[in-house]
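A.B. asks: Give me coordinates for this.
(one chain, ligands or ions: 2)
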Amino acid sequence: MAEPFGDRVSLVVFGASGDLAKKKTFPALFGLFREGQLPSTVQIVGYARSNLSDEEFKDRIRPNLKLRNADKSKIDEFLSLCSYMHGPYDEDSGYVELLDKCVAYEKKHNVAVPERLFYLALPPSAFATVCRFLKKHLNSESGLKTRVIVEKPFGRDLQTFRELQENLSPLFTEDELYRIDHYLGKEMVKNLLVLRFGNEFLGAAWNKNHIKSIQISFKEAFGTQGRGGYFDTIGIIRDVMQNHMLQVFTLLTMERPVSFDPEAVRDEKVKVLKAVEPIDPKDVLLGQYSASEDGKEPGYLDDDTVNKDSKCFTYAAFALHIHNERWEGVPIVLRAGKALDESKVEIRIQFKPVAKGMFKEIQRNELVIRIQPDEAIYMKINSKIPGISTETSLTDLDLTYSKRYSDDFWIPEAYEALIRDCYLGNHSNFVRDDELDISWKLFTPFLEALEAADGPKPELYSYGSKGPKGLREFLASHGYVFSDEGTYQWPLTTPNVKGKI
Ligand SMILES: NC(=O)C1=CN([C@@H]2O[C@H](COP(=O)(O)OP(=O)(O)OC[C@H]3O[C@@H](n4cnc5c(N)ncnc54)[C@H](OP(=O)(O)O)[C@@H]3O)[C@@H](O)[C@H]2O)C=CC1
Ligand SMILES: O=C1O[C@H](COP(=O)(O)O)[C@@H](O)[C@H](O)[C@H]1O
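C.D. replies: Ligands and ions are numbered 1, 2, ... in the order given. Below is the predicted model:
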C-alpha cells in the first residue's frame, strides 16, 4: 500500500463545472472535511472551461453540501479552502497557471515533496488529453507524489478499453491511477469480505455443496431522467452490470485473499473472473420500459434525446457460471433494470433444501444482503411456529443497520469512502487494469451478439412494473425457488402464517 498523503495537498477537480463534481465529488470532499477526515490545510482547486468566478462556482456547489450534525460555519470553512480556475483542457496555458498555483502553495508551506491529487470528473473523451497535459506540466519532475482518479466508463468494449489504457499507461503508473467504481465504496459491498471470511459458519457453507443459486439484483424506480441520449449509446449492461454488479459478483465469489492488501484482493478478483464461462447470449431476458400503466410516466422512447427506433436495453438478466471447485453448477444471476417498481440493490443467496424426512414441508434458507436502501443482512431460517403448534415457518435472523446501529455512526457515502482511500494510498477498492481487461473479454462477445443487427429485441415492460413478464420463469430456470405463498411474513409474523390459526 502506498504512503498516505499528508496535510499539504493540492486537490484539483477537473470538470468542476459539471454534474458529477456538483452532486458527488465536492459533497464527498466536504463530507470528509466535516468528519475530520480531510485536513483543513489542503487546497482544493476546481478547474473547467466555463468562465465562472470563485463566488459563482461556490454558489453552484454549496446547495449539495450536507451538514449532518455540524454547524453552518463548517461549510464556509470548507469553501474557504476551495477556488476555481477556468482554462482549456487541450492547451498549455491553463496547466501553466495551475502549476503556478500548486507551486505557490507548496512554497508557502515549505512542502519538500509535493503531493497532488487530480480528480477527473470529465467525459472519457477528455481523459487522455488532460492526462497528457498533466504529465507535461504538473508531473514532469521526479520525486512528486501524484494520484489521478478517473471515472467510468473505462471503454465500451475490449478494444476501446485497451485504447484508453494505451493512452494512459505511458503517462501514469498503475500505482498512480485510481479507477473509481463507486459501488466498491458502498458500505455493504465493503462488508462482503468480512462477512464471508470473518464468519466460520458462512465460510463453511459458501460453496456448491450448500448453495443452490445466487442473484445479484439492481432495481431503479426511475427512468433515464434526461440522460437518455447518453444511455442510448450504452444500455443497462454497460451502465451498471459490466462494472458495478460485476464488482459485487467478484467479491462474492472470489477465493480468500491472503490479506487485505490491495494486490492480494485484486489478484483473487482476477482469478475468479478468468474462471467464468462465456455468457450465453441466448439465455438472457431483455427489456425496455414503456409508459406507465396510468400514462403518467413516459416510456424510454418518449425521451427526445433517444433514437425513435432504439432497441436499447433498459432491463437485462443473465446468468454467470464459474468453472471452479467452489462454484461448479451454481448459477449466479445478474439482473438490472430502470423504471421498475422500487429502487433496491441486493444479493440473494439461496441454499439447497434440507432432507425432508422428519418434515412434511420445509423451505430453503436464504441469505439476503441488501446494499441499498437501508443496509441489511438477513437470513431466512426455519423455526417452530411459537406456541402450541409443532409446525415450522420461515422467519429470519435480521441485522438491519438502522435498527442495530445508532445514528451516531457515520457511514460514509461511496464517494467519501473512495476519495479517503485514495488519499490514504489504498487501492483495494479501485479497479485494476487486468480486471477490466478480463471483464471486457467476457462482456464484449456477449454485447456484440446482443447488439448485432439480427440480435434480440427487448420485451416492453411498463414503467413502475417488476420488469419483463418472463422474470419469474427465468429465475426458476436458474435454480431459484420461490417460497410458498404466505409462509414468510415481513416485518411482523402473525398467527395466520401459512394460513393456520
Ligand atoms: N453524473 C453522474 O452522476 C456520474 C458521472 N460519472 C462519470 O463522471 C464523469 C463526469 O460526469 P459528468 O459530470 O456527469 O459529466 P458532464 O457532462 O457534466 O461533464 C463535466 C464537465 O466536463 C466538461 N465537458 C463536457 N463535455 C466535454 C467535452 N466533450 N470535452 C471536454 N470537456 C467537456 C464540462 O465543463 P467545462 O465545459 O466547463 O469545461 C462539464 O461541466 C463521466 O466520465 C461520467 O461517465 C460516473 C458516475 C455517475
Ligand atoms: O453509474 C451509475 O450508477 C447509478 C446508480 O448508482 P447508485 O449509487 O445510485 O446506486 C445509475 O443510476 C447510473 O445510471 C449509472 O451510470
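
A.B. asks: for E297, what are its contacts?
C.D. replies: Taking C-beta atoms under 8 Å, 6 or more residues apart in numbering, we find E297 in contact with G223, A291, A339, Y463, G464. The way it works is simple: take the backbone N, C-alpha and C, and place the C-beta from them, glycine included.

A.B. asks: Distance of it relative to Y289?
C.D. replies: 9 Å (C-beta to C-beta, to the nearest Å).

A.B. asks: Need the residues touching each of these two.
C.D. replies: Counting by C-beta under 8 Å, 6+ apart, the common neighbours of E297 and Y289 are G223, A339, Y463.

A.B. asks: Could you grab the helix/strand/coil label for R196?
C.D. replies: With DSSP: H, G, I helix; E, B strand; the rest coil as the basis, R196 sits in helix.

A.B. asks: what about it, neighbour count?
C.D. replies: 16 (other C-beta atoms under 10 Å).

A.B. asks: Which single residue in the stretch 351-500 of the chain comes nearest to ligand 1?
C.D. replies: Y415 (9.3 Å; C-beta to the nearest ligand atom).

A.B. asks: Confirm that that residue sits in a helix.
C.D. replies: Yes - checked against three-state DSSP, Y415 lies within a helix.

A.B. asks: let's number from 56 now, not from 1
C.D. replies: With 56 as the first residue, the last one maps to Y470.

A.B. asks: Would you mind writing the CA trace of the helix or strand K245 falls within as PDB?
C.D. replies: According to DSSP states H and E, K245 maps onto helix 242-252. C-alpha atoms of helix 242-252 as PDB (Å, rounded to 0.1, in the frame of the first residue of the first chain):
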ATOM      1  CA  GLU A 242     -20.700   0.100   3.000                       C
ATOM      2  CA  MET A 243     -22.300  -3.200   2.400                       C
ATOM      3  CA  VAL A 244     -20.100  -4.000  -0.600                       C
ATOM      4  CA  LYS A 245     -17.100  -3.300   1.700                       C
ATOM      5  CA  ASN A 246     -18.600  -5.600   4.300                       C
ATOM      6  CA  LEU A 247     -18.700  -8.600   1.900                       C
ATOM      7  CA  LEU A 248     -15.100  -9.800   2.700                       C
ATOM      8  CA  VAL A 249     -15.700  -9.600   6.400                       C
ATOM      9  CA  LEU A 250     -19.000 -11.400   6.200                       C
ATOM     10  CA  ARG A 251     -17.600 -14.200   4.100                       C
ATOM     11  CA  PHE A 252     -14.200 -14.600   5.600                       C
END
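
A.B. asks: buried residues in that helix?
C.D. replies: Residues E242, M243, V244, K245, N246, L247, L248, L250, R251 are the ones in helix 242-252 that count as buried (16 or more other C-beta atoms under 10 Å).

A.B. asks: do the same with stretch 406-413
C.D. replies: Neighbour-count burial for stretch 406-413, with 16+ other C-beta under 10 Å as criterion, is recorded at F406, K407.

A.B. asks: Stretch 85-102 too?
C.D. replies: Judged by neighbour count using 16+ other C-beta under 10 Å, the buried positions of stretch 85-102 are 85-89, 92-93, 97-102.

A.B. asks: Just to check, I474 is in contact with I204?
C.D. replies: Yes - between I474 and I204 there is a contact under C-beta atoms under 8 Å: 7.4 Å.

A.B. asks: Among the two, which residue is more densely surrounded?
C.D. replies: A count of neighbours by other C-beta under 10 Å puts I474 above the other of I474 and I204, at 27 against 22.

A.B. asks: Now the closest residue to ligand 1 within the stretch 206-355 of the chain. Its backbone dihedrals?
C.D. replies: Across the stretch 206-355 of the chain, the shortest distance to ligand 1 (C-beta to the nearest ligand atom) belongs to E206, at 3.6 Å. For E206, the backbone dihedrals (degrees, to the nearest 10) come out as phi -100, psi 150.

A.B. asks: who's it bridged to?
C.D. replies: Beta bridges link E206 to I235, judged by DSSP bridges.

A.B. asks: how deep is it tucked in, by neighbour count?
C.D. replies: 20.

A.B. asks: With P179 instead?
C.D. replies: Residues lying near P179 (other C-beta under 10 Å) number 16.

A.B. asks: Also the one 5 residues further on?
C.D. replies: Around T184 sit 15 other residues, with neighbours defined as other C-beta under 10 Å.

A.B. asks: So is the helix or strand harbouring it next to ligand 1?
C.D. replies: Taking DSSP H and E as the definition, one finds T184 inside helix 182-193. No - Helix 182-193 is not in contact with ligand 1 by C-beta under 6 Å from any ligand atom; minimum separation 7.9 Å.

A.B. asks: Now do that helix: which elements does it pack against?
C.D. replies: For helix 182-193, the packing partners by 3 or more C-beta pairs under 8 Å, 6 or more residues apart in numbering; DSSP states H and E come out as helix 147-163, strand 170-175, strand 200-206, helix 213-223.

A.B. asks: so which of the ones you listed is the most packed in?
C.D. replies: strand 170-175 (a mean of 24; mean count of other C-beta atoms under 10 Å).

A.B. asks: Name every strand pairing with that one and say which way it goes.
C.D. replies: Using DSSP bridges, strand 170-175 pairs in its sheet with strand 64-69 (parallel), strand 200-206 (parallel).

A.B. asks: Cool, thanks, signing off.
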